[in-house]
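# Okay, sequence plus prediction incoming.
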Amino acid sequence: MHLRCRSRVLGLEAPVVMGVLNVTPDSFSDGGRYQGPDAALAAARAMVAAGARLIDVGGESTRPGASVPPLAEELARIVPVVRAIAAELDVIVSVDTSRPAVMEAAVAEGASFINDVRGFSEPGALLLAARLGVGVCVMHMQGVPATMQNAPAYGDVVGEVRDWLVARIGACRAAGIAADSIAVDPGFGFGKTTGHNLALLAQLESFTGLGAPLLVGLSRKSLAGALTGRPVNARLAGSVALAALAAERGALIVRAHDVAETVDAVTIGAALRRASQGERG
Ligand code: PT1
């Protein structure tokens, strides 16, 4: 498996780590840490040295309860950071946005992957991604960040998320996005209770047969908090355990803040996955 991102091809024979680079003042776990392009570039350098194959630059916090920043603010946060990273580092620059104007500006600065937690639902977003030739991640969310955790409800969370992802892959293909440029993500924590998140992880294998590599984000989230009882600044071990389990269940791109630790976790998960597949023949 691989993922085509403009002129780059991301090999996915083994799982890879996408480093999280928040350039927001209100990120749920590292808000305000990256102040300006110099600090962001230094953080990106460290993540690449630790083994990140993609860097996901986000200028909108989408944690539960977050509100949407003005477009000009999101652009001002993202553009200089994408430019600096793309100019210096040999890494796929991903932009975490739902706005076509931000997608276009980021790709003009060197981004080659678009990670949209709203699944390219803004008018024009799908056609723009097709025209740009970027890799895309379509993620499932129930509701909107401001209110998504108020009362998440599903009949069959795994079936509903899978059906929605299948439909979005169809919409991507219909818009002209290449089949080998599409990744899917069940959206852990996005309009899901702990029970929903656990069901998705337990049955993660259901998302590996869709013809698109599976991306997951579990790092420092409330799932780890609910299971360990720990606050956001003490969820490293829980997050690393979740990353290993996700890789063992077939995740190929793991989005994480703590890159070095997560690289080891996915390496172990992938080794166990290969061993069990060998046993099955
Ligand atoms: C994700 C993701 C993302 N997560 C993708 N992009 C965030 N593709 C931002 C909590 O429960 O999983 N996949 N971009 C961060 N969003 C959240 C959501 C942060 C929930 C925290 C929680 O604590």
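Ah, there it is. Residues are numbered from 1 along each chain as shown.
# From now on I want contacts and neighbour counts done on CA atoms only, so please keep to that.
Noted.
# element containing residue 56?
strand 54-58 (DSSP states H and E).
# Is that strand positioned near the ligand?
No - Strand 54-58 does not reach the ligand (C-alpha under 6 Å from any ligand atom); its nearest approach is 7.6 Å.
# the inter-axis angle of the next helix-or-strand element following that strand versus strand 54-58?
The helix or strand immediately downstream of strand 54-58 is helix 71-88, counting by DSSP H and E. Per axes from the mean of the first three to the mean of the last three C-alpha atoms, to 10 degrees, the angle that helix 71-88 makes with strand 54-58 is 160 degrees.
# Helix 71-88 - contacts with which helices or strands?
On a contact count with 3 or more C-alpha pairs under 8 Å, 6 or more residues apart in numbering; DSSP states H and E, helix 71-88 meets helix 37-49, strand 54-58, strand 92-96, helix 100-108.
# that older thread, chain center to the strand holding residue 56, what's the gap?
8 Å (C-alpha atoms, centre = their mean, to the nearest Å).
# what does that strand contact?
The contact list for strand 54-58 (C-alpha atoms under 8 Å, 6 or more residues apart in numbering) reads 17-24, 44, 47-48, 78, 81-82, 91-97, 115.
# Could you list the contact residues of the stretch 1-150 of the chain toward the ligand?
62, 63, 64, 115, 117, 139.
# isn't the second one right up against residue 28?
Same thing as residue 63. Yes - using C-alpha atoms under 8 Å as the test, residue 63 is close enough to residue 28 to be in contact (6.1 Å).
# mind listing what residue 215 touches?
With C-alpha under 8 Å, 6+ apart, residue 215 has these contacts: 137, 183, 184, 185, 186, 251, 252, 253, 254, 255.
# Just those: which are in strands?
Of those, the ones assigned to strands by DSSP state E are 137, 183, 184, 185, 253, 254, 255.
# Need the residues you listed in JSON lines (columns: distance to residue 215 and pLDDT).
As requested, those are exported to JSON lines (distance: C-alpha to C-alpha, whole Å; pLDDT from 0 to 100):
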{"residue": "137", "distance to residue 215": "8", "pLDDT": "98"}
{"residue": "183", "distance to residue 215": "6", "pLDDT": "98"}
{"residue": "184", "distance to residue 215": "6", "pLDDT": "98"}
{"residue": "185", "distance to residue 215": "5", "pLDDT": "98"}
{"residue": "253", "distance to residue 215": "4", "pLDDT": "99"}
{"residue": "254", "distance to residue 215": "6", "pLDDT": "99"}
{"residue": "255", "distance to residue 215": "7", "pLDDT": "98"}
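# Could you see whether the ligand lies near stretch 200-214?
No - on the criterion C-alpha under 6 Å from any ligand atom, stretch 200-214 is out of touch with the ligand, staying 9.7 Å away.
# Show me what the longest helix along the chain is packed against.
Longest helix in the chain, counting residues (DSSP state H): helix 259-280. Packing partners of helix 259-280 (3+ C-alpha pairs under 8 Å, 6+ apart): strand 16-22, helix 236-248, strand 253-256.
# For these, give me JSON lines that also has distance to residue 192 and mean neighbour count.
As requested, the helices and strands packed on helix 259-280 are exported to JSON lines (distance: least, C-alpha to C-alpha, whole Å; neighbours: other C-alpha atoms under 10 Å):
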{"stretch": "strand 16-22", "distance to residue 192": "21", "mean neighbour count": "27"}
{"stretch": "helix 236-248", "distance to residue 192": "16", "mean neighbour count": "23"}
{"stretch": "strand 253-256", "distance to residue 192": "18", "mean neighbour count": "26"}
